[in-house]
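Engineer: Below is the sequence, then the predicted model.
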Amino acid sequence: MINILFDTNVLSGGSAIRGIGTYARLLLSEFEKNDELKVYRSSTYSQDEKVKFDIVHYPFFDLFFSTLPISPFEHNVVTIHDVIPLIFPDFYKAGVKGKLRFEKQKFALKTVSAIITDSHASKADIVKFLSIPEEKVHVVYLAANPEMQFQNEKLVRKVLKQNNLPKKYLLYVGDINYNKNIPQLIKMMKFVEDKEIKLVCLGRNFTPQEIPEWKWIETQLALSDVANRVIFLNNVLTESVEELAAIYSGALGYVQPSLYEGFGLPVLEAMQCKTPVISTENSSLIEVGGQNVVFTKPVAEDMAQAVQTVLNWSKTKRTNWIRDAYKWSQTFTWEKTANQTVEVYKKIIEK
């Protein structure tokens with residue numbers, strides 16, 4: 001029996017509805033099915049229990065905030081999903097306090113037994129930017145929520161009506177950070193030939209706010225003159241699985257326009273909902289997409305051309321593509337993620 005103390009801070013507050021909250025929740029769900037493990041959540045564990053822990057797992061690492069303590073435990077693991085702010089430092093300003101906390105976080109990293117990350121692309125970045133020995137970093141792929149599945153036409157119609165969405169639309173799900181490349185996604189609509197097709201951008205940050213990222217969006221809407229073809233949907237929560245799955249299922253295609261991703265879960269979510277994926281060809285997206293997405297450069301004209309390729313498919317080609325992509329998406333499972341995570345634990349304990 002392996003005793004694990006799992007840091008559950010990410011299951012409360014704003015993190016709970018972000019990708020890191022989903023990661024912790026679905027990983028814990030699999031751990032609790034495993035007879036080899038005894039899992040203690042930090043939020044409910046009492047020190048009075050006096051348990052000897054074999055592993056302590058911190059499922060989140062922030063570069064510029066003190067999320068990783070100098071652990072008193074012998075065997076500790078941290079998950080670093082990506083180091084994107086270090087790849088684009090001009091767009092992720094740390095500030096003086098952030099830089100000090102970054103040094104503190106780097107020092108804390110020296111005390112961990114192992115680092116888990118989501119992709120080989122992220123592993124290379126962690127080794128490069130954080131000066132971590134390669135053998136200390138272990139790649140464990142994520143998976144889409146297994147409940148995120150293709151929805152029937154009746155439910156899709158109902159959800160589209162509830163959210164005032166059109167019949168013909170392309171979809172993007174995610175945030176508006178610099179690496180997401182949203183201005184080029186918006187500009188893409190200028191080059192999509194069928195003017196009836198709209199772009200639905202779904203995420204809680206698609207709302208007017210005083211930050212540079214939103215200003216870039218507003219500027220691009222005006223420059224490309226596509227404001228009437230872009231719909232911002234910020235009231236559908238990622239935990240509303242059935243509603244989100246219906247919106248994926250109704251889309252003509254899902255577009256991932258990112259300049260960089262640590263993993264790219266929406267790519268797998270779209271595949272599970274039987275929606276063709278158009279994705280930029282970089283970082284972890286190459287690993288996650290495999291041969292089952294239409295790859296493109298991260299510029300508007302190229303993305304529009306890739307969208308047009310998908311729209312021009314015959315019914316047979318679309319059906320076959322969706323079938324193969326769905327099969328591919330099913331090779332990523334949370335059971336596999338959990339089992340590979342446990343393998344990392346065992347290697348540390350054996351050492």
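Structural biologist: Received, thanks.
Engineer: ok, residue 114 to residue 137 distance?
Structural biologist: Plainly put, residue 114 is 8 Å away from residue 137 if you go by Cβ to Cβ, to the nearest Å. To be clear about C-beta, it is placed using only N, CA and C from the backbone, and glycine gets the same treatment.
Engineer: Could you give the separation of stretch 213-227 from the chain centroid?
Structural biologist: Counting by Cα atoms, centre = their mean, to the nearest Å, stretch 213-227 is centred 24 Å from the centre of its parent chain.
Engineer: And for stretch 45-54?
Structural biologist: Taking Cα atoms, centre = their mean, one finds the center of stretch 45-54 at 32 Å from the center of the full chain.
Engineer: Could you report the neighbour count for residue 172?
Structural biologist: Residue 172 has 24 neighbours, counted by other Cβ atoms under 10 Å.
Engineer: And the closest residue to residue 146 other than its chain neighbours, what's its pLDDT?
Structural biologist: Spatial nearest neighbour of residue 146, excluding adjacent residues (Cβ to Cβ, 6 or more residues apart in numbering): residue 334 at 6.8 Å. You'll see residue 334 listed with a pLDDT of 97.
Engineer: Let me see the contact set for residue 334.
Structural biologist: Taking Cβ atoms under 8 Å, 6 or more residues apart in numbering, we find residue 334 in contact with 26, 27, 29, 30, 143, 146.
Engineer: Now list the buried members of those residues.
Structural biologist: Neighbour counting by 16 or more other Cβ atoms under 10 Å classes 26, 27, 30, 143 among those as buried.
Engineer: So which of those residues belong to strands?
Structural biologist: Among the buried ones among the contacts of residue 334, DSSP state E puts none in strands.
Engineer: Among the residues you listed, pick out the one closest to residue 206, please.
Structural biologist: residue 26 (24.7 Å; Cβ to Cβ).
Engineer: Give me the phi and psi angles of residue 66.
Structural biologist: phi -80, psi 80 (degrees, to the nearest 10).
Engineer: let me redo that: residue 160
Structural biologist: Dihedral angles (degrees, to the nearest 10) for residue 160: phi -60, psi -40.
Engineer: Distance check, it against residue 277.
Structural biologist: Counting by Cβ to Cβ, the gap from residue 160 to residue 277 is 20 Å.
Engineer: what does residue 291 give?
Structural biologist: 12 Å.
Engineer: now do residue 81
Structural biologist: On the measure of Cβ to Cβ, residue 81 and residue 277 end up 20 Å apart.
Engineer: and the closest residue in space to residue 250 that isn't next to it in sequence, what element?
Structural biologist: Distance criterion Cβ to Cβ, 6+ apart; nearest residue to residue 250, sequence neighbours excluded, is residue 156 at 4.3 Å. Element membership of residue 156 [criterion: DSSP states H and E] is helix 153-162.
Engineer: which other residues reach that helix?
Structural biologist: Contact with helix 153-162 is made by 151, 165, 166, 167, 242, 243, 246, 247, 249, 250, as judged by Cβ under 8 Å, 6+ apart.
Engineer: Taking the residues you listed, please make a ChimeraX selection of just the buried ones.
Structural biologist: Selection of buried members from the contacts of helix 153-162 for ChimeraX, criterion 16+ other Cβ under 10 Å:
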select :151,165,243,246,247,249,250
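Engineer: for the contacts of helix 153-162, which one is nearest residue 215?
Structural biologist: For these, the nearest to residue 215 is residue 165 (25.7 Å; Cβ to Cβ).
Engineer: what about the nearest residue to the closest one once chain neighbours are set aside, neighbour count?
Structural biologist: Nearest non-adjacent residue to residue 165, counting by Cβ to Cβ, 6+ apart: residue 200, 6.1 Å away. Residues near residue 200, counting by other Cβ under 10 Å, number 22.
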